[in-house]
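A.B. asks: The sequence isn't on hand, but the structure is:
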């Protein structure tokens with residue numbers, strides 16, 4: 001087969017990208033046209049992959065952080081022979097139901113390592129992937145884990161604040177197998193980047209501990225030289241690729257007009273002429289397709305060699321490796337949590353659920369080495385560190401605990417990358433009020449359906465003296481509004497253990513635990529092997545001839561018990577329903593839901609948060625005891641009393657509801 005010049009290979013990518021955007025009459029041709037030479041050099045000379053085996057564990061990871069340039073990735077995957085994508089898919093780019101969506105979506109087409117689009121997220125995911133490679137390498141060795149992570153990004157990615165957090169962590173940890181390919185084209189949607197930014201981007205990376213290289217992004221030899229040098233660095237590498245956005249377009253190249261709109265028939269024709277591409281829409285000559293397919297299969301030898309090494313690996317180590325990649329929770333973990341549940345029910349201690357979470361983790365972490373913990377500089381408050389975990393440190397990745405610093409957003413995005421890479425199950429802690437900083441990454445975790453666990457402590461006005469800036473009131477509603485996110489708010493040690501078990505066992509949803517600062521009574525004093533939290537809500541205390549059903553979550557379950565006793569003294573029988581996870585409750589059949597909610601009883605919802613969402617459970621005649629605004633600074637008991645979240649307030653609400 002004759003040698004095809006790199007520029008011709010790159011122009012095949014450019015042509016498909018231009019044609020796809022034009023056919024859709026929507027999209028972003030500029031970045032793909034500008035970075036096609038870089039992508040060609042990377043894929044043909046450096047990227048370790050086998051298109052026929054997209055899930056090969058030791059493949060290099062490729063992240064397109066600027067997801068708006070998705071046609072560049074789609075074109076690469078098609079031309080190199082990945083399964084699950086055809087030319088017809090590219091022809092239907094951005095059409096409803098097309099596998100080639102406007103931005104790349106993980107799980108739709110093999111080879112898409114992460115869902116990107118919200119700028120900066122892909123960089124952070126790439127850091128998480130590179131970090132995971134090092135963690136697994138420290139555990140399993142070079143024979144099984146030895147690959148690199150490459151990330152394409154642009155100025156928009158680097159303007160987003162999350163990029164600063166991710167870049168800083170990567171530099172600190174010296175993630176030398178991470179390379180960022182920066183599309184240095186000087187253009188954003190509004191025009192030249194000079195109208196909004198004066199940052200010296202290379203110096204910024206150098207200040208964060210990165211090696212910085214530069215290349216002409218349209219010169220194959222120069223790109224190859226930079227990528228070759230990057231592999232020798234002991235630090236993460238940023239290669240500033242000087243490019244022209246919309247390369248080849250006669251009028252729009254180098255301007256913002258090339259960024260986010262089709263070129264138009266005349267400009268498209270002119271671009272193809274300038275690029276010496278005399279072919280029709282979506283037409284790629286067979287010899288060029290064949291050259292790309294050869295690139296896609298070139299990694300087969302490396303993949304087969306890896307498989308042979310794995311076969312000859314110590315069987316016990318190979319099994320641990322397979323177990324880590326499977327992500328299945330060992331049965332011993334649930335057995336250990338059962339012991340914790342039984343002990344807690346017997347002891348009936350008063351424990352904050354953040355401490356209960358640590359008690360659960362003390363069981364989990366020794367039994368499941370795949371679990372990796374961490375916190376955004378709140379370890380003593382989040383109680384996320386356990387006795388068997390050691391810190392991950394610069395140059396030493398044998399630990400299992402990450403100190404993220406005050407970087408909540410970066411932590412959440414990095415954990416997404418870790419989960420996507422596979423082989424680890426990440427959890428990270430922060431104050432619940434700072435879930436606002438995490439939210440974009442949490443949403444993407446839910447969109448992708450990946451297992452990431454957020455340990456959000458200090459979950460209500462129970463924060464006390466720190467006041468309204470640190471007292472979450474709207475955050476439960478905000479998190480429950482994210483489709484696909486499991487929001488757990490346990491009421492005691494028993495529920496906390498059950499919720500941890502559910503979060504760890506669920507490989508297809510992210511989960512968060514909202515945990516208290518203050519101590520709570522043990523509500524579940526009779527042990528059961530059944531995980532009652534798995535139903536989302538259940539009757540925790542019944543009553544013969546109940547007239548009132550108190551529905552509560554977390555710390556307010558204790559309040560419901562106290563209110564029940566007061567009402568019982570007035571001959572008003574009350575049942576209590578704990579609702580640790582609304583999402584799981586909504587998945588139960590209608591018969592179960594109706595039984596739990598208590599037909600024929602008046603309902604009182606109790607939660608130290610705003611009432612948004614509670615109407616579906618308490619109905620028009622029900623009542624709600626909780627927050628209706630921001631909190632206040634003061635001792636916990638005084639704050640709850642100030643906002644009338646007390647047993648007496650629940651009694652009054654129940655009586656009023658009974659009056660109709």
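C.D. replies: Nice, I can see it. Worth saying up front: this structure is predicted, and the values here are computed from it rather than measured.
A.B. asks: my read: residue 160 touches residue 117, true?
C.D. replies: No: Residue 160 is not in contact with residue 117 according to Cβ atoms under 8 Å; the separation is 12.0 Å. Backbone N, C-alpha and C define where each C-beta goes, glycine included.
A.B. asks: Phi, psi for the residue lying closest to residue 654 once chain neighbours are set aside please.
C.D. replies: Closest residue to residue 654 apart from its sequence neighbours, by Cβ to Cβ, 6 or more residues apart in numbering: residue 548 at 4.7 Å. Phi and psi for residue 548, reported as degrees, to the nearest 10, are phi -130, psi 140.
A.B. asks: Retrieve the pLDDT associated with residue 548.
C.D. replies: Model confidence at residue 548, given as pLDDT, is 98.
A.B. asks: Just give me the neighbour total for it.
C.D. replies: Here the number of neighbours of residue 548 (other Cβ atoms under 10 Å) works out to 27.
A.B. asks: how near is it to residue 526?
C.D. replies: 22 Å (Cβ to Cβ, to the nearest Å).
A.B. asks: Repeat that for residue 357.
C.D. replies: 22 Å.
A.B. asks: Give me the more crowded residue out of the two.
C.D. replies: With neighbours defined as other Cβ under 10 Å, residue 357 and residue 526 compare such that residue 357 has more, 27 against 7.
A.B. asks: Can you give me every residue that contacts that one?
C.D. replies: 383, 384, 455, 457, 496, 500, 513, 515 (Cβ atoms under 8 Å, 6 or more residues apart in numbering).
A.B. asks: same deal with residue 610?
C.D. replies: Here residue 610 is in contact with 473, 474, 476, 477, 626, 627, 628 (Cβ under 8 Å, 6+ apart).
A.B. asks: So the residue nearest to residue 258 when sequence neighbours are not counted, which state does it fall into?
C.D. replies: Sequence neighbours aside, residue 246 is the residue nearest to residue 258 in space, at 2.7 Å (criterion: Cβ to Cβ, 6+ apart). Following DSSP: H, G, I helix; E, B strand; the rest coil, the label given to residue 246 is coil.
A.B. asks: in stretch 502-519, what's buried?
C.D. replies: 502-506, 509-519 (16 or more other Cβ atoms under 10 Å).
A.B. asks: Let's see which of those residues end up in helices.
C.D. replies: Counted as lying in helices by DSSP state H, out of the buried residues of stretch 502-519, are 502, 503, 504, 505.
A.B. asks: give the contact list for the closest residue to residue 639 other than its chain neighbours.
C.D. replies: Counting by Cβ to Cβ, 6+ apart, residue 639 lies nearest to residue 461, which is 5.0 Å off, once chain neighbours are set aside. Contacts for residue 461 (Cβ under 8 Å, 6+ apart) come out as 471, 473, 608, 627, 631, 632, 636, 639, 640, 643, 645.
A.B. asks: Kindly give a single ChimeraX line that selects the buried subset of the contacts of residue 610.
C.D. replies: Buried subset of the contacts of residue 610, written as a ChimeraX selection, criterion 16+ other Cβ under 10 Å:
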select :473,476,477,626,627
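A.B. asks: related to what we said a few turns ago, of the contacts of residue 357, which is the most crowded?
C.D. replies: Using other Cβ under 10 Å as the neighbour criterion, residue 496 leads the contacts of residue 357 with 35 neighbours.
A.B. asks: Now do the helix or strand hosting that residue: distance to the chain's middle.
C.D. replies: Assigned by DSSP states H and E, residue 496 belongs to helix 493-505. On the basis of Cα atoms, centre = their mean, to the nearest Å, helix 493-505 sits 20 Å off its chain's mean C-alpha point.
A.B. asks: Let me know the average pLDDT across that helix.
C.D. replies: 98.
A.B. asks: burial of residue 492, as a residue count?
C.D. replies: Using other Cβ under 10 Å: residue 492 sits among 29 other residues.
A.B. asks: brain fart, residue 314
C.D. replies: 8.
A.B. asks: Look up phi and psi at it.
C.D. replies: With angles defined as degrees, to the nearest 10, residue 314 sits at phi -50, psi 130.
A.B. asks: likewise residue 202?
C.D. replies: phi -60, psi -40.
A.B. asks: How about it, nearest residue that isn't a chain neighbour?
C.D. replies: residue 212 (4.5 Å).
A.B. asks: Settle this for me: the one you found is touching residue 205, isn't it.
C.D. replies: Yes: counting by Cβ under 8 Å, residue 212 does reach residue 205; the two are 5.2 Å apart.
A.B. asks: From the neighbour counts alone, determine which of these two ranks first.
C.D. replies: residue 205 (23 against 18).
A.B. asks: just to confirm, which helix or strand has that one in it?
C.D. replies: helix 201-207.
A.B. asks: buried residues in that helix?
C.D. replies: Those would be 201, 202, 204, 205, for helix 201-207 by 16+ other Cβ under 10 Å.
A.B. asks: what's near enough to touch the last one?
C.D. replies: With contact taken as Cβ under 8 Å, 6+ apart, residue 205 is in contact with 167, 171, 212, 238.
A.B. asks: between those residues, which is nearest residue 570?
C.D. replies: residue 167 (62.1 Å; Cβ to Cβ).
A.B. asks: element containing that closest one, please.
C.D. replies: Judged by DSSP H and E, residue 167 forms part of helix 161-173.
A.B. asks: so what does that helix touch, helix or strand wise?
C.D. replies: Of the remaining helices and strands, those touching helix 161-173 by 3 or more Cβ pairs under 8 Å, 6 or more residues apart in numbering; DSSP states H and E are helix 121-140, helix 201-207, helix 408-421.
A.B. asks: Please identify which two of the buried residues of stretch 502-519 are farthest apart in space.
C.D. replies: Top of the distance list for the buried residues of stretch 502-519 (Cβ to Cβ): 509 and 519, 29.6 Å.
A.B. asks: isn't residue 10 right next to residue 34, touching?
C.D. replies: No: counting by Cβ under 8 Å, residue 10 sits too far from residue 34 to count as a contact (10.6 Å).
A.B. asks: Of the two, which one has the most company?
C.D. replies: Each of residue 10 and residue 34 has its neighbours counted (other Cβ under 10 Å); residue 34 has more, 31 against 23.
A.B. asks: Quick check, the more buried one in contact with residue 249.
C.D. replies: No: counting by Cβ under 8 Å, residue 34 stays clear of residue 249, with 10.0 Å between them.
A.B. asks: Parallel or antiparallel, which strands does the next helix-or-strand element following the helix holding residue 205 pair with?
C.D. replies: Remark: after helix 201-207, the chain's next helix or strand is strand 211-216, criterion DSSP H and E. Strand 211-216 has the following strand partners under DSSP bridges: strand 237-242 (parallel).
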